[in-house]
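A.B. asks: Sharing a model that was predicted from the sequence below.
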Amino acid sequence: MLPLKEKDKPVVQKLLSAGCCARCVLRFCCVSVQAAYRKPHQETLKELQAFIGNTENGKSQDSVAADSTEENNKSHDATVPEPADEPADDPPSKRAKLELSGTEAPSEEDAAEEKLTEEPSVCVVCLGILQELCGTTQAVKIAEKVKAEKYEFETLVLSVSLPAQLCVREHSCWLHVKKELREKSMAVDKDDVVQVKEAFKWVLQGLVAKEIGGVAVVARSLFEISVGFTHKETDADCHFLATTCADCFRPTKNKQSVFTRMAVVKALEKISDTKFLTHYACPPAKPTSSCSSQDVQCLHQCVFVAGRYNKYSRSLPQTPWVIDGERRMESSVEELIAESVLSSFRSEGFNFSSSGREDVDVRTLGTGRPFAMELLNPHRSNLSRAEMKLLQETINNSSDKIKVRDLQIVSREAMGKMKEGEEDKTKSYTALIWTLKPIQSEDIAFMDDIKDLTLDQKTPLRVLHRRALAVRPRVVHSMKTRFLDSHHFYLEMKTQAGTYIKEFVHGDFGRTKPNLCELLKTDTDILELDVESVDVDWPPSIPE
Amino acid sequence: MDCLEQKDTEATAPSVIDRYYTRWYRADMKGNPCEDHCILQHSNRLCVITLAETHPILQDGRSIKSINYQISDGCSRLNNKVSGKSKRGGQFVTDFAPLCRITCTDETEYTIYSCIRGRLLEVNESILKTPSLLLKKPFTDGYIAVILPKFEESKTITENLLSREEFESIVSKRSVAESQPS
Ligand SMILES: [Zn+2]
């Protein structure tokens, strides 16, 4: 049964003759019983016509009588729709009675209205959004899109974008029935009218869930399906607002049109009723066509994957290396990792970040360097621990230049832990050193005793083109030498993060002080460098 | 003989300059015989200005009396300060802007020039404290200045400079001329 009362009749009558669809009538009557909207709109229309038709006589007396008692009840009345939300199942007996009475005694007016509904007329307020555009056809279209893109998800949220002129039409219609609504209850306000968006979702959510099967359509979900509508024919509806409220429509760089929904809503809040009525028809003019729906868009929120990587190659950059638009080196750490990750999550793209980075010719050994990837629009997101382990194996089997461990799904917030305190962490390195003067192991042994040596490092010349010039103090906590031959030795170092090791060894034109050349009183150069450990305890380690 | 041996070791030894920099030269700066300059261009376009090995300062066992970055009453290269990634505030120099004047103990004075257009990032203050660096390590710790060419000029600024081969051929002709009786 229609969740309407006797005193709704004048409003219903006025809305129907203005050219409103059945669901828009329910909206303006502030009906918030979701089930009422889910019924086929043609069926509801018939019920509404019957509802006003069978009590046409004596209507005025009724409303007068109602008015006198209304004064005391208005606050109660205004909140009627809310509690009605749950008991959606009306007693069947009542409904049968209503339908019966509606068909049994068709008055002349009934017949006339029946004729009207035969030609499907597009609603003057929602421009068809709450008619054919939120039916099974739309739900099937959405389900097909989701299935075609093979998304995997448990819940979804539906979002809808409507043409801005709907607000203008809504306002016009509100002004049209405001008097009647206020007669029904003084407390009724424009905000009590159910929004097109809401009603649209109430109808479509269930249909979509049914078409896709096995999913819940909820208010908040990582997976969002958006549908959008446009209506060229009435785009000009908004234009008069630009002359009455120029402030609201300032051109912005990235917006195609100044008539955004936000701007239109703001302008409508400012405009007086009289002014509105001199510029715009009330009720709104009848459209000849309904809205056209745009492509269904699916978007799954980002998933974050973290782990640690080893890099065993001295000719592999961390990220793609491009100079003057030309690709140098054929691969990169991030690409080698991303390839399998993207295909497992069926993601459209990624952003890679890590705790520091090594040069192309530097290896990263030990437990590796923490990294994280933001996966964009993953079509699959809930990989189990076992699946993540399998993914890790796939990555590790795909290349011997890198190895990944501790691969896991993490939260966006947890990503911060990788960067936090990066500067205070220590890093361990092993460098292969060449000396100009011949050396013996005794010549270098003294360095094993040096503790917490503070260097003054000017920004290295090799990065000075893109970083600010500064002198930064950096601490070499400890060193250990391993003699190799008369011109070579290994130098193991534990340093503060951010220390430039290569520059410490060759001196960078004397711009890092002290440097190894000074300590050993001969020219020294670095032939190989390995990162032995990056002491950041994130992400948590996963036992093999 | 000694000298030759040393050269051999250095040639086989790895070198930061060879790995990352290209050597360019200007010979006989402003028409002054043998006042050769060397420009080390890093692969990131940045340039380090040094004396060339043939510069008179590095010949005949000369020693340095003083180095002066005050190139005129109004301008000292020591006042050059750059800030931020974009190196705001750095003096912009053209091909023949003086960087410093070096006076040797025999009272000969030489002016070192910028050689290329670009923004002056830093001058080497270490050689003020230890002028002998200029003689001992003229191509590394004894550098004169660092200049960053404009991004769009990073290829064209070297067009007017001599490559290492061109420079060596000029130098070899010099020694032939010298050894010929006049
Ligand atoms: Zn409608």
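C.D. replies: Arrived safely.

A.B. asks: Tell me the residues of chain B that contact chain A?
C.D. replies: Listed as neighbours of chain A in chain B under the rule CB under 8 Å from any CB of the partner chain: B:9-10, B:13-16, B:20, B:42, B:44-46, B:48, B:82-85, B:87, B:121-122, B:124, B:126, B:133, B:137, B:140-141, B:143, B:146, B:148. C-beta: built from backbone N, CA, C; applies to glycine.

A.B. asks: hmm, which of those are the buried ones?
C.D. replies: Buried residues within the residues of chain B next to chain A, counting neighbours by 16 or more other CB atoms under 10 Å in any protein chain shown: B:15-16, B:42, B:45-46, B:48, B:82, B:87, B:121-122, B:124, B:126, B:133, B:137, B:140-141, B:143, B:146, B:148.

A.B. asks: These in strands, which ones?
C.D. replies: The strands, defined by DSSP state E, take in B:42, B:48, B:121, B:122, B:146, B:148 from those.

A.B. asks: any chance of those in a markdown table, with pLDDT and distance to the ion too?
C.D. replies: Listed next are these as a markdown table, based on pLDDT from 0 to 100; distance: CB to the ion, whole Å:
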| residue | pLDDT | distance to the ion |
| --- | --- | --- |
| B:42 | 96 | 69 |
| B:48 | 98 | 74 |
| B:121 | 97 | 68 |
| B:122 | 96 | 72 |
| B:146 | 98 | 71 |
| B:148 | 97 | 65 |
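
A.B. asks: Need those in JSON lines (columns: distance to residue A:416).
C.D. replies: Listed next are these as JSON lines, based on distance: CB to CB, whole Å:
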{"residue": "B:42", "distance to residue A:416": "35"}
{"residue": "B:48", "distance to residue A:416": "39"}
{"residue": "B:121", "distance to residue A:416": "34"}
{"residue": "B:122", "distance to residue A:416": "36"}
{"residue": "B:146", "distance to residue A:416": "37"}
{"residue": "B:148", "distance to residue A:416": "35"}
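
A.B. asks: Spit out the contact partners of residue A:512.
C.D. replies: A:455, A:456, A:457, A:458, A:460, A:500, A:503, A:504 (CB atoms under 8 Å, 6 or more residues apart in numbering or on different chains).

A.B. asks: So which residue is dead centre in chain B?
C.D. replies: In chain B, the centroid-proximal residue (CA atoms, centre = their mean) is residue B:50; its distance is 2.1 Å.

A.B. asks: That residue reaches residue B:138, doesn't it?
C.D. replies: Yes - Residue B:50 is within contact range of residue B:138, at 5.8 Å (criterion: CB atoms under 8 Å).

A.B. asks: Name the nearest residue to the closest residue to the ion within chain B, ignoring sequence neighbours.
C.D. replies: Residue nearest to the ion within chain B: residue B:85 (56.6 Å; CB to the ion). Spatially, and ignoring its direct neighbours in sequence, residue B:85 is nearest to residue A:468 (5.4 Å; CB to CB, 6 or more residues apart in numbering or on different chains).

A.B. asks: For chain B, what's its nearest residue on the stretch 151-300 of chain A.
C.D. replies: residue A:253 (24.0 Å; CB to the nearest CB).

A.B. asks: Okay, now the unreliable bits of the chain?
C.D. replies: By default, I'm working from chain A. Within chain A, the ranges that satisfy pLDDT under 70 run A:54-120, A:421.

A.B. asks: switch to chain B, that's the one I care about
C.D. replies: Scanning chain B for pLDDT under 70 picks out B:1-14, B:178-182.

A.B. asks: ok, back up a step: element containing the residue of the stretch 151-300 of chain A closest to chain B?
C.D. replies: Assessed by DSSP states H and E, residue A:253 sits outside every helix and strand.

A.B. asks: ok, now how distant is it from the ion?
C.D. replies: Distance of residue A:253 to the ion, given as CB to the ion, to the nearest Å: 35 Å.

A.B. asks: what's the helix ranked longest in chain B packed up against?
C.D. replies: Longest helix of chain B, by residue count under DSSP state H: helix B:164-179. Identification of packing neighbours for helix B:164-179 by 3 or more CB pairs under 8 Å, 6 or more residues apart in numbering or on different chains; DSSP states H and E yields strand B:21-26.

A.B. asks: Just want the angle from the strand it packs on to helix B:164-179.
C.D. replies: 40 degrees (axes from the mean of the first three to the mean of the last three CA atoms, to 10 degrees).

A.B. asks: CA-only coordinates of strand B:21-26 in PDB, if you can.
C.D. replies: Extracted in PDB, the C-alpha atoms of strand B:21-26 (Å, rounded to 0.1, in the frame of the first residue of the first chain):
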ATOM      1  CA  TYR B  21      83.300  13.500 -16.800                       C
ATOM      2  CA  THR B  22      84.200  14.600 -20.400                       C
ATOM      3  CA  ARG B  23      87.300  16.800 -20.700                       C
ATOM      4  CA  TRP B  24      87.100  20.000 -22.700                       C
ATOM      5  CA  TYR B  25      89.700  22.700 -23.200                       C
ATOM      6  CA  ARG B  26      90.300  26.300 -24.100                       C
END
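
A.B. asks: Parallel or antiparallel, which strands does it pair with?
C.D. replies: strand B:37-42 (antiparallel), strand B:162-163 (antiparallel) (DSSP bridges).

A.B. asks: Just name the most buried of those strands.
C.D. replies: Scoring the strands paired with strand B:21-26 by mean neighbour count under mean count of other CB atoms under 10 Å in any protein chain shown gives strand B:37-42 as the most buried, with a mean of 22.

A.B. asks: roughly how far out does that strand sit from the chain middle?
C.D. replies: Distance of strand B:37-42 from the chain centroid (CA atoms, centre = their mean, to the nearest Å) equals 7 Å.

A.B. asks: Same question for stretch A:194-204.
C.D. replies: The answer for stretch A:194-204 is 21 Å, by CA atoms, centre = their mean.

A.B. asks: And that stretch, what's buried?
C.D. replies: A:194, A:196, A:199, A:200, A:201, A:202, A:203, A:204.

A.B. asks: Counting only helices, which of the residues you listed make the cut?
C.D. replies: In this view, these that belong to helices under DSSP H are A:196, A:199, A:200, A:201, A:202, A:203, A:204.

A.B. asks: Quick check: the last one vs the ion, distance?
C.D. replies: When distance is defined by CB to the ion, residue A:204 is 14 Å away from the ion.

A.B. asks: Would you confirm that that residue contacts residue A:138?
C.D. replies: Yes - between residue A:204 and residue A:138 there is a contact under CB under 8 Å: 6.3 Å.

A.B. asks: shared neighbours of those two, which are they?
C.D. replies: By CB under 8 Å, 6+ apart, no residue touches both residue A:204 and residue A:138.

A.B. asks: looking at the contacts of residue A:512, which has the most residues close by?
C.D. replies: Neighbour tally across these (other CB atoms under 10 Å in any protein chain shown): the maximum, 29 neighbours, falls on residue A:504.

A.B. asks: Spit out the contact partners of that residue.
C.D. replies: Contacts here follow CB under 8 Å, 6+ apart; on that basis residue A:504 touches A:455, A:457, A:476, A:512, A:515, A:516.

A.B. asks: Mind doing that once more with 7 Å?
C.D. replies: Contact analysis of residue A:504 by CB atoms under 7 Å, 6 or more residues apart in numbering or on different chains lists A:455, A:512, A:515, A:516.

A.B. asks: how would you label it: helix, strand or coil?
C.D. replies: With DSSP: H, G, I helix; E, B strand; the rest coil as the basis, residue A:504 sits in helix.

A.B. asks: can you tell me how far it sits from residue A:133?
C.D. replies: Distance, residue A:504 to residue A:133, using CB to CB, to the nearest Å: 68 Å.

A.B. asks: In strands, which of the contacts of residue A:512 fall?
C.D. replies: A:455, A:456, A:457, A:458.
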